[in-house]
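Q: predicted model and sequence below, questions to follow.
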Amino acid sequence: MNKVHKNYTAYFLFVVPAMLLYITFYLVPLFNSLQYSVTSWNGITQPVYNGLENFQKALDDEKFWIAFKNNIYFVAFSVFIQVPIIVLVSVLVSGVRRFLDFYKVTVFLPSVLSTAAIAIIWQFIYAPDAGLINQLLREIGLESWAKIWLGDKATATLSILITNAWQWTGFYIVLVLAAIFAISKEMLEAGEMDGAVGWRKAWYLTIPLIRPVIIVVMLLSITGAMKALDIVLIMTKGGPFGSSEVMATYMYKQAYQLGDFGYANAIAIIITIFTAILAGIFHLISKRTKEVEH
Amino acid sequence: MNVSMKRIVPHLVLIPYVIIVLYPLFFIINASFKNNSEISLNPWGLPQSFSFDNYTNALSNSFIGTYFFNSLYISVISTVATILLATAISYAVTRMKFPRLSKLVYSLLLLSLLIPPASLLIPLYLMIKDMGMYNTPLALLIPYTAFGIPLTVFVVAAFLKSIPQELEEAGIMDGLSTYGILGRIIIPLTLPTLVTVFILNFISHWNEYIMANLFLSSDKLRTLPVAVVAFADQYNMNYGALTAAITISIVPVIIIYAVLQKKIIEGVTAGGVKG
């Protein structure tokens, strides 16, 4: 037993290649990013150490704050709008007997399509003339509501948020559904005996029992919101006038369009720290509420 | 509320939701058979005369076949590499007896959940250039492989933990080595899980856009998502050709999904509920 399970050579052989790739492509870039973030650097000449200047620059940069605010919108939209919809729809689907599989399979479909294709499909849907939404508004006599959805400062970010929700809501519904179906029958029957039916059953029984997965879904959608990059880049390029910029697109532009690699890396570090803080706060809150319940 | 009403109510919410999911896709595919003026004048109806002109246009103006092939081999190779490496390390950390080291390795991997890939993009780009991989297929093959490892390890390791110790002990009695146990006992038992993680990795590599756009510059090396976006920029106002190009890029994925949906959904729930 020992000879086989304590085989040093084999362990080394199994662990090292994967860890080497992991360290090279996660930890080394993270470390590099930290290094570059305290330099002034155009990506070509030698980086020059400049302390916290890049971070100071971000604090004073109005465009960075718009991007930051949009990330907050992304997170808030996910947590306060998307997650309740996810839970509601999941509870509804779980009670359905006919067409259960049909609903499950259909709602999941958008999350297997590429974000690039989805961004373009929705660009088309939001298009000023031939677009689905404006055509629909004209059809029902609300022509005055028609807009250049992605070209209007007031609606660009929201339009992207809706597209993002369209893509991912079904993915999370399937996760929550799996948790609902994993609840033991006895538990539910006992609850029903005590008079928990319909909405009362959902509120007092099902939802508390699937709390862990709701927390996972919230955490995933928070980190997902911080990842948003390709969808914004393709749909609006952060425009009009930077109004739909998120931190990741702003970072991307600083590096590849403006050649300010020092500043771009500082933004990358801010994104990482901000994500970690959000996850940390979230972890604390979910722990605290659990303690209160017990 | 009587019983039949109670059965109907959920459908009243779910049917509109399904329409919101499906209609945009139908709208695009439907438009791809119309000409430009019909797209504006007859947005809702079926095409008056089914025409494949948009498809011949889209196909003749780009190397869609090449892009398709690029996406295919990059996704397949990096997926296979991810699974080989991830299975090996999962076996080592869950079944072999180096508990302290394994714990360290596993917590290092967990750390990846906290790092948004977007924030690694720039150093990664510089690294790819330094290593001379820029604008070669390796620029995607290697990062895709690396980025698939953590999640694959979480799913595979969770499954491996559930395999009873006795099976391996029986293998040892029969004189199997560590590699024999992995190859003859563990891998065959894990095969269904491996198929699942294969599909999950494949879909995520197939759909990846940012790195594919940034780490390759040559037109011939493009992958499908990058090509579709470039096509959209180029054919901005030619809705017919654009909807045809979008359709070409999404229909294969929809077909794969229709065939494998059970496996895909199982995989996501296995990874998500346990993670």
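A: Looks like it arrived, so ask away.
Q: secondary structure element holding residue 90?
A: This is for chain A. For A:Ser90, the element it lies in under DSSP states H and E is helix A:83-94.
Q: I was thinking of chain B, sorry if that wasn't clear
A: Per DSSP H and E: helix B:64-95 holds B:Ser90.
Q: phi and psi next, for residue 192.
A: Here I'm looking at chain A. The phi/psi pair for A:Glu192 (degrees, to the nearest 10) reads phi -70, psi -40.
Q: switch to chain B, please.
A: Per-residue torsions, B:Pro192: phi -60, psi -40 (degrees, to the nearest 10).
Q: what about it, how many neighbours?
A: 11 (other C-beta atoms under 10 Å in any protein chain shown). Just so you know, the C-beta spots here come from the backbone N, C-alpha and C atoms, and that holds for glycine as well.
Q: same check on B:Trp206?
A: Using other C-beta under 10 Å, B:Trp206 has 22 other residues around it.
Q: can you pull the contacts of it?
A: Listed by C-beta atoms under 8 Å, 6 or more residues apart in numbering or on different chains, the contact partners of B:Trp206 are A:Ser114, B:Ser71, B:Ser75, B:Leu224, B:Val253.
Q: what is the helix holding A:Ser90 packed up against?
A: With contacts taken as 3 or more C-beta pairs under 8 Å, 6 or more residues apart in numbering or on different chains; DSSP states H and E, helix A:83-94 sits against helix A:100-108, helix A:156-182, helix A:211-227, helix B:3-31.
Q: what about the longest one, near chain A?
A: Going back to what we said before, that points to helix B:3-31. Yes - Helix B:3-31 is in contact with chain A by C-beta under 8 Å from any C-beta of the partner chain, via B:6-7, B:10-11, B:13-14, B:17-18, B:20-25, B:27-28, B:31.
Q: in the chain, which residue is most central in space?
A: Unless you meant another one, I'm taking chain A. A:Gly224 (1.9 Å; C-alpha atoms, centre = their mean).
Q: chain B is the one I meant
A: In chain B, the centroid-proximal residue (C-alpha atoms, centre = their mean) is B:Ile203; its distance is 1.5 Å.
Q: number of residues surrounding A:Ile140?
A: Neighbour count for A:Ile140, taken as other C-beta under 10 Å: 8.
Q: go on, A:Lys57?
A: There are 18 residues near A:Lys57, going by other C-beta under 10 Å.
Q: re the thing from before, got a list of contacts for the helix holding A:Ser90?
A: The set of residues external to helix A:83-94 that reach it, using C-beta under 8 Å, 6+ apart, is A:100, A:103-104, A:107, A:169, A:172-173, A:176-177, A:180-181, A:202, A:206-207, A:214, A:217-218, A:221, B:10, B:13-14, B:17.
Q: in PyMOL, how would I select the buried members of the residues you listed?
A: Those of the contacts of helix A:83-94 that count as buried under 16 or more other C-beta atoms under 10 Å in any protein chain shown are selected in PyMOL with:
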select buried, (chain A and resi 103+104+107+169+172+173+176+177+180+202+206+207+214+217+218+221) or (chain B and resi 10+14+17)
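Q: mind listing what A:Leu27 touches?
A: A:Leu27 neighbours (C-beta under 8 Å, 6+ apart): B:Leu108, B:Leu111.
Q: show the pLDDT at residue 186.
A: I'll assume chain A. The confidence metric pLDDT takes the value 79 at A:Glu186.
Q: correction: the question concerned chain B.
A: 92.
Q: residue contacts, it?
A: So B:Ile186 contacts B:Tyr91, B:Arg95, B:Leu160, B:Ile163, B:Glu168 (C-beta under 8 Å, 6+ apart).
Q: how does it look with 10 Å?
A: Residues in contact with B:Ile186 (C-beta atoms under 10 Å, 6 or more residues apart in numbering or on different chains) are B:87, B:90-91, B:94-95, B:156, B:159-160, B:163, B:167-168, B:171, B:180.
Q: ditto for B:Ala230
A: Counting by C-beta under 10 Å, 6+ apart, B:Ala230 makes contact with A:Ala116, B:Ser62, B:Tyr67, B:Asn213, B:Asp219, B:Arg222, B:Ala245.
Q: after the helix or strand hosting the first one, which helix or strand is next?
A: Right, the one you point to is A:Ala116. For A:Ala116, the host element (DSSP H and E) is helix A:115-125. Following helix A:115-125 in sequence order, the next helix or strand is helix A:132-139 (DSSP H and E).
Q: using CSV, write down the CA coordinates of that next one.
A: This file holds the C-alpha atoms of helix A:132-139, laid out as CSV (Å, rounded to 0.1, in the frame of the first residue of the first chain):
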residue,chain,number,x,y,z
LEU,A,132,-35.7,44.1,-32.9
ILE,A,133,-36.4,46.5,-30.0
ASN,A,134,-37.0,49.6,-32.0
GLN,A,135,-39.1,47.6,-34.6
LEU,A,136,-41.2,46.3,-31.7
LEU,A,137,-41.7,49.8,-30.2
ARG,A,138,-42.8,51.1,-33.6
GLU,A,139,-45.1,48.2,-34.1
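Q: just checking, what packs against that helix?
A: If contacts are counted by 3 or more C-beta pairs under 10 Å, 6 or more residues apart in numbering or on different chains; DSSP states H and E, helix A:132-139 sits against helix A:115-125, helix B:3-31.
Q: quick one: contacts of that helix?
A: A:121-122, A:124-129, A:131, A:142-149, A:159, B:23-24, B:27-28, B:31, B:39-40, B:43-44.
Q: now a PyMOL select for only the buried ones of these.
A: The PyMOL command for the buried members of the contacts of helix A:132-139 (criterion: 16+ other C-beta under 10 Å) is given here:
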select buried, (chain A and resi 121+122+124+125+126+127+131+146+147+149+159) or (chain B and resi 24+27+28+31+39+40+43)
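Q: one step back: tell me the contacts of the residue nearest to the centre of chain A?
A: Per C-beta under 10 Å, 6+ apart, neighbours of A:Gly224: A:Phe74, A:Val75, A:Ser78, A:Gln82, A:Asn164, A:Gln167, A:Trp168, A:Phe171, A:Tyr172, A:Val217, B:Pro116.
Q: do any residues in stretch A:227-245 lie close to chain B?
A: Yes - looking at stretch A:227-245 against chain B by C-beta under 10 Å from any C-beta of the partner chain, the contacts come from A:Lys227, A:Ala228, A:Leu229, A:Asp230, A:Ile231, A:Leu233, A:Ile234.
Q: for the helix or strand encompassing B:Val153, give the mean pLDDT please.
A: Using DSSP H and E, B:Val153 sits within helix B:138-160. For helix B:138-160, the mean per-residue pLDDT is 94.
Q: by contact count, what packs against it?
A: By 3+ C-beta pairs under 10 Å, 6+ apart, helix B:138-160 packs against helix A:8-22, helix B:64-95, helix B:99-111, helix B:121-130, helix B:187-207, helix B:210-215, helix B:239-274.
Q: from the chain's centroid, how far away is the helix or strand just after that helix?
A: Remark: after helix B:138-160, the chain's next helix or strand is helix B:165-173, criterion DSSP H and E. Relative to the centre of its chain, helix B:165-173 is centred 36 Å away, using C-alpha atoms, centre = their mean, to the nearest Å.
Q: quick check: buried residues in helix B:165-173?
A: The neighbour-count check on helix B:165-173 (16+ other C-beta under 10 Å) flags B:Glu168, B:Gly171, B:Ile172 as buried.
Q: so which of these are also by chain A?
A: Applying C-beta under 10 Å from any C-beta to these, those adjacent to chain A are B:Glu168, B:Gly171, B:Ile172.
Q: next, the contact list for A:Ala127, please.
A: Contacts of A:Ala127 (C-beta under 10 Å, 6+ apart): A:133-135, A:148-151, B:39-40, B:236-237, B:239, B:242.
Q: which residues touch residue 226?
A: As the question left the chain open, I've gone with chain A. A:71, A:74-75, A:246-248, A:271-272, A:274-276, A:278-279, B:116, B:118-119.
Q: actually chain B
A: By C-beta under 10 Å, 6+ apart, the contact list for B:Val226 reads A:114, A:116, B:67, B:70-71, B:208-214, B:216, B:219.
Q: who wins for neighbours among those?
A: In terms of neighbours by other C-beta under 10 Å, those top out with A:Ala116 at 29 neighbours.
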